[in-house]
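Q: Kindly generate the corresponding structure for this input.
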Amino acid sequence: MKALQGVEGQVKWVEEPSPTCDVGQIRIRVAAAGLNRADLLQSAGMYPPPPGASQFLGLECSGVVSEVGPGSSWQVGDRVCALLAGGGMAQEVVVDARHALPVPEGLSLAQAAALPEVYSTAWLNLFQLAGLKPGEKVLLHAGASGVGSAAIQLCKAFGSPCWVSVGSAERLAYCQGLGAQGGVLRAEGLEGLKPFGPFDVVLDPVGANYAESNLKLLALDGRWVLIGLMGGRKAELDMALILGKRIQLLGSTLRTRNDQFKADLLSDLNQQVWPLFNEGRLSPQLARAYPMEEAQEAYAELASNQVSGKLVVVIDPSLV
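A: Numbers count the residues shown, from 1 in each chain. All right, here's what the predicted structure looks like:
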């Protein structure tokens with residue numbers, strides 16, 4: 001089978017033996033795979049896969065079940081999307097059966113490839129870790145990203161108003177179209193968010209550059225969930241603000257979580273979130289689907305930081 005490998009910031013398709021399907025696993029004939037910032041970091045040699053995970057790129061995919069290992073309730077022919085620790089950008093992938101979800105009714109497999117990673121990330125960090133409650137205010141940095149797009153829709157669906165920081169007026173309008181109340185352009189600074197706050201939860205993929213502002217913008221008993229370091233890893237913090245406001249700083253990653261944790265997360269997602277797609281209250285924000293021959297162009301577009309929503313690479317056009 002063909003699988004996508006990252007080397008020094010470039011990606012290329014290589015031939016690789018098909019993986020074996022064991023107890024509790026399913027084999028998926030991959031239709032499409034979603035792109036994530038972690039793929040960029042891995043292709044640049046900055047984010048190696050967890051021990052035991054595939055060395056190839058791709059943290060989410062969609063496709064059709066082609067083989068079912070003992071102990072799984074899936075059937076050959078089922079349309080699924082899956083959360084992976086790696087290897088989704090390949091013609092086939094074998095995954096823990098508990099880490100697959102049914103493709104929501106009415107969605108294409110290209111659209112479904114854009115769902116598992118971002119909705120898992122948004123649900124885990126906002127609702128499970130931060131304990132977001134209806135009516136609480138949320139600040140989403142990089143609001144037009146894949147995770148941001150999912151988070152805006154979830155906040156709206158569960159009754160929590162949200163605001164965003166983004167890179168352009170067009171991306172701010174995009175976020176407001178999804179349900180954000182408003183926001184600021186990062187080039188103009190985060191001070192413009194103050195009239196909208198204080199915020200109960202901040203979802204932050206930026207890190208150091210926004211650390212001081214996050215503390216000032218958070219409310220009493222606020223939760224700052226750090227999920228990335230796009231703006232650096234070292235910052236000077238006023239500890240008195242953390243203490244006085246009783247702020248919780250939560251560092252969170254998903255890729256390195258164990259299989260049972262991911263299985264529980266996907267089960268919760270299936271029960272609490274997936275029905276909202278069928279009701280039309282959530283929708284995949286697929287910005288563009290690239291053919292597999294243009295994978296390098298897809299990665300370059302993601303690296304430009306100009307994408308609103310998600311990019312996917314189509315592996316098997318006969319399925320999408």
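Q: Now do stretch 250-259: distance from first to last residue.
A: Start to finish, the residues bounding stretch 250-259 are 21 Å apart (Cα to Cα, to the nearest Å).
Q: And for it, what's in contact with it?
A: Applying Cβ atoms under 8 Å, 6 or more residues apart in numbering, the contact partners of stretch 250-259 are 38, 49-50, 59, 85, 96, 98-99, 117, 120-121, 124-125, 129-130, 223-227, 262, 265. C-beta coordinates here come from the backbone N, C-alpha and C atoms, glycine included.
Q: Show me these that map onto helices.
A: Of these, the ones assigned to helices by DSSP state H are 38, 117, 120-121, 262, 265.
Q: Could you identify which of these has the most neighbours?
A: Ranked by the number of neighbours (other Cβ atoms under 10 Å), the ones in helices among the contacts of stretch 250-259 place residue 117 first, at 29 neighbours.
Q: what residues are up against the residue nearest to it when sequence neighbours are not counted?
A: Using Cβ to Cβ, 6 or more residues apart in numbering and skipping residues adjacent in sequence, the residue nearest residue 117 is residue 60, 4.2 Å away. Going by Cβ under 8 Å, 6+ apart, residue 60 touches 33-34, 36, 81-84, 88, 113-117.
Q: Among those residues, which ones are in strands?
A: 33-34, 81-83 (DSSP state E).
Q: rewinding a little: dump the ones in helices among the contacts of stretch 250-259 into CSV; add distance to residue 319 and pLDDT as well.
A: Output for the ones in helices among the contacts of stretch 250-259, formatted as CSV (distance: Cβ to Cβ, whole Å; pLDDT from 0 to 100):
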residue, distance to residue 319, pLDDT
38, 24, 93
117, 19, 98
120, 22, 98
121, 25, 98
262, 24, 98
265, 26, 98
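Q: What is the most widely separated pair among those residues?
A: Farthest apart among those by Cβ to Cβ are 38 and 265. That separation is 16.6 Å.
Q: now the strands: where do they sit in the stretch 51-200 of the chain?
A: Here the stretch 51-200 of the chain has its strands, by DSSP state E, counting those that start in this stretch, at 60-68, 79-83, 92-96, 100-102, 138-141, 162-166, 182-185, 199-204.
Q: Now render those as JSON lines, adding distance to residue 246 and mean pLDDT.
A: Listed next are the strands of the stretch 51-200 of the chain as JSON lines, based on distance: least, Cβ to Cβ, whole Å; pLDDT from 0 to 100:
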{"stretch": "strand 60-68", "distance to residue 246": "36", "mean pLDDT": "98"}
{"stretch": "strand 79-83", "distance to residue 246": "33", "mean pLDDT": "98"}
{"stretch": "strand 92-96", "distance to residue 246": "38", "mean pLDDT": "98"}
{"stretch": "strand 100-102", "distance to residue 246": "36", "mean pLDDT": "98"}
{"stretch": "strand 138-141", "distance to residue 246": "18", "mean pLDDT": "98"}
{"stretch": "strand 162-166", "distance to residue 246": "22", "mean pLDDT": "98"}
{"stretch": "strand 182-185", "distance to residue 246": "26", "mean pLDDT": "98"}
{"stretch": "strand 199-204", "distance to residue 246": "12", "mean pLDDT": "98"}
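Q: In CSV, list those along with distance to residue 255.
A: Converted to CSV, the strands of the stretch 51-200 of the chain look like this (distance: least, Cβ to Cβ, whole Å):
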stretch, distance to residue 255
strand 60-68, 11
strand 79-83, 9
strand 92-96, 14
strand 100-102, 17
strand 138-141, 20
strand 162-166, 24
strand 182-185, 28
strand 199-204, 17
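Q: Tell me the predicted confidence for the residue nearest the centre of the chain.
A: The residue lying closest to the centre of the chain (Cα atoms, centre = their mean) is residue 118, at 2.2 Å. Residue 118 is assigned a predicted lDDT (pLDDT) of 97.
Q: quick one, what contacts it?
A: Residue 118 neighbours (Cβ under 8 Å, 6+ apart): 34, 36, 146-147, 149-150, 310.
Q: Return the closest of those with respect to residue 217.
A: Closest to residue 217, out of all of the contacts of residue 118 and judged by Cβ to Cβ, is residue 147, at 19.1 Å.
Q: Next, work out how far apart the closest one and residue 6 are.
A: 21 Å (Cβ to Cβ, to the nearest Å).
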